[in-house]
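Q: Kindly return the folded structure for what I paste below:
(one chain, ligands or ions: 1)
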Amino acid sequence: MTSVSDDLHQFSGKRVLVTGVTGWVAGPIAESLANAGAEVFGAARFQKPEQRTPFVAKGVNCVSIDLEKGLLDEVPTDLDLVLHFAVAKSSDFEQAFAANADGSAMLMETVAATSDNLSAFLHCSSTAVYAPHNHDPRAETDLLGDSHRPMPGMPTYSISKIAGEVLVRYTAKRLGVPTVVARLNVPYGDTYGWMLFHLMMMERGMAVPVHVDQPTSYTPIHAEDISRSLAYLLSVASTPATVINWGGDQVVSIEDWCQEMGQLTGLSPTFAPTTATIAAIIPDLTKLHATGFHSSVDWRDGIRRLVTNNRPDLLKG
Ligand SMILES: NC(=O)c1ccc[n+]([C@@H]2O[C@H](COP(=O)([O-])OP(=O)(O)OC[C@H]3O[C@@H](n4cnc5c(N)ncnc54)[C@H](OP(=O)(O)O)[C@@H]3O)[C@@H](O)[C@H]2O)c1
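A: Numbers count the residues shown, from 1 in each chain. Presented below is the predicted three-dimensional model:
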């Protein structure tokens, strides 16, 4: 297999803004684009100056923005691409709408006014926007809903992500910005993942919440595949915007990955079926696959890498 940097060679020399760079998903993307020779601007609030240091060391230029407050004066001009990953996971609807909806539209307006050669705007959305429906794969045209409301701590997430999509789609049309709205399923990588929370619970002998309608299945996608898929997603950016599901090729459940982490560590997972958690959401990936993209990291290899990188002390033997 070719390296991620080789797969990203078409980004070399491009001026790329990556928002949400201090977060799970966007940090590794910014790094892989910088390694591939792009001029990367990583945006977040950067409330503490020392937060910039690791990004600068990886060749990422740091810019401070605040989407909730509409502070966008550091957004660079003459960008070729915008990859918009920033999200506010607030319990307050006013804050969540201001950052995730208004903020996304304001970012598009700012970039459209200052970047004449912008070729695409990627808005990272989430399969959290779907109404779960048993284990049926959800296509882009299927019913939306408030899938994350039952999950403690995420009362605004689904609705503010839907609001974000609507404003981004409207702004793309109004300003003629070629846009792709990519609905990401469960992202994970060598440095991050929902699975690490489950591993911590297993370590402490706590039961992992799963939905009563088991198995609690998703299509996890590894950070390497997330980076590799960018060119495919950007190739379908259009006006009006294209909406597309974004996930890995394999359907894997929380129950599966906890069992796998159990095999690797000797810890025995226990499960607490409940309605107070997110139900299975399996995206229909027909549209993504039609771009030519298929994921390449097998989920068991991905889980092994995650555990090896983060908790080598827990590995058996
Ligand atoms: N994680 C998942 O399981 C998952 C699943 C599906 C889709 N997604 C989508 O993937 C994207 C990235 O998610 P993530 O989990 O990586 O997020 P995350 O780890 O929570 O990071 C959020 C990022 O947004 C920035 N941010 C928050 N409020 C901001 C504001 N007011 N102004 C500017 N930046 C702000 C944060 O920067 P600060 O340093 O300033 O706080 C941080 O860089 C999001 O669009 C999310 O909806 C994630």
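
Q: need the contact list for residue 84.
A: 19-20, 104, 107, 121-124 (Cβ atoms under 8 Å, 6 or more residues apart in numbering). Any C-beta I mention is one placed from the backbone N, CA and C, and that applies to glycine too.

Q: let's see 6 Å
A: 19, 123 (Cβ atoms under 6 Å, 6 or more residues apart in numbering).

Q: ok, what's across the strand from it?
A: residue 19, residue 123 (DSSP bridges).

Q: and the gap between it and the ligand?
A: 7 Å (Cβ to the nearest ligand atom, to the nearest Å).

Q: how about the residues of the stretch 151-300 of the chain that lie near the ligand?
A: Residues of the stretch 151-300 of the chain lying close to the ligand by Cβ under 6 Å from any ligand atom are 161, 184, 186-187, 194.

Q: which one of the residues you listed is nearest the ligand?
A: residue 184 (3.7 Å; Cβ to the nearest ligand atom).

Q: I'd say the closest one and residue 247 touch.
A: No. The pair residue 184 / residue 247 is not scored as a contact, 7.2 Å apart, by Cβ atoms under 6 Å.

Q: Neighbour count: these two, which is higher?
A: Neighbours were counted for residue 184 and for residue 247 using other Cβ atoms under 10 Å; residue 247 has more, 27 against 19.

Q: Let's see which of the residues of the stretch 151-300 of the chain next to the ligand end up in strands.
A: Among these, the members found in strands (DSSP state E) are 184, 187.

Q: Turn the residues of the stretch 151-300 of the chain next to the ligand into CSV, including pLDDT.
A: Below are those laid out as CSV (pLDDT from 0 to 100):
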residue, pLDDT
161, 98
184, 99
186, 98
187, 98
194, 98
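
Q: neighbour-wise, which of the residues of the stretch 151-300 of the chain next to the ligand leads?
A: residue 161 (25 neighbours).

Q: on that earlier part again, among the residues of the stretch 151-300 of the chain next to the ligand, which one lies nearest to residue 90?
A: residue 161 (12.2 Å; Cβ to Cβ).

Q: Distance from stretch 82-99 to the middle of the chain?
A: On the basis of Cα atoms, centre = their mean, to the nearest Å, stretch 82-99 is displaced by 13 Å from the centre of the chain it belongs to.

Q: all helices in this structure, in order from the N-terminus.
A: 4-7, 26-35, 53-57, 93-96, 103-114, 157-175, 194-203, 223-234, 254-265, 286-290, 299-310 (DSSP state H).

Q: closest to residue 272 out of those helices?
A: helix 194-203 (9.6 Å).

Q: how near is the residue nearest to residue 69 when sequence neighbours are not counted to the ligand?
A: Of all residues not flanking residue 69 in the chain, residue 98 sits nearest, at 7.8 Å (Cβ to Cβ, 6 or more residues apart in numbering). Taking Cβ to the nearest ligand atom as the measure, residue 98 falls 8 Å from the ligand.

Q: likewise residue 166?
A: 15 Å.

Q: Quick one: residues contacting the residue nearest to that residue when sequence neighbours are not counted.
A: Nearest residue to residue 166 in three dimensions, chain neighbours excluded: residue 101, at 7.3 Å (Cβ to Cβ, 6+ apart). The contact partners of residue 101, by Cβ under 6 Å, 6+ apart, come to 163-164, 167.

Q: in the chain, what residue is nearest the ligand?
A: Counting by Cβ to the nearest ligand atom, the chain gets nearest the ligand through residue 23, at 2.2 Å.

Q: distance of that residue from residue 41?
A: Residue 23 sits 15 Å away from residue 41, going by Cβ to Cβ, to the nearest Å.

Q: more neighbours, these two?
A: residue 41 (22 against 16).

Q: Show the contacting residues for the more buried one.
A: Residue 41 neighbours (Cβ under 6 Å, 6+ apart): 17, 61, 63, 76.
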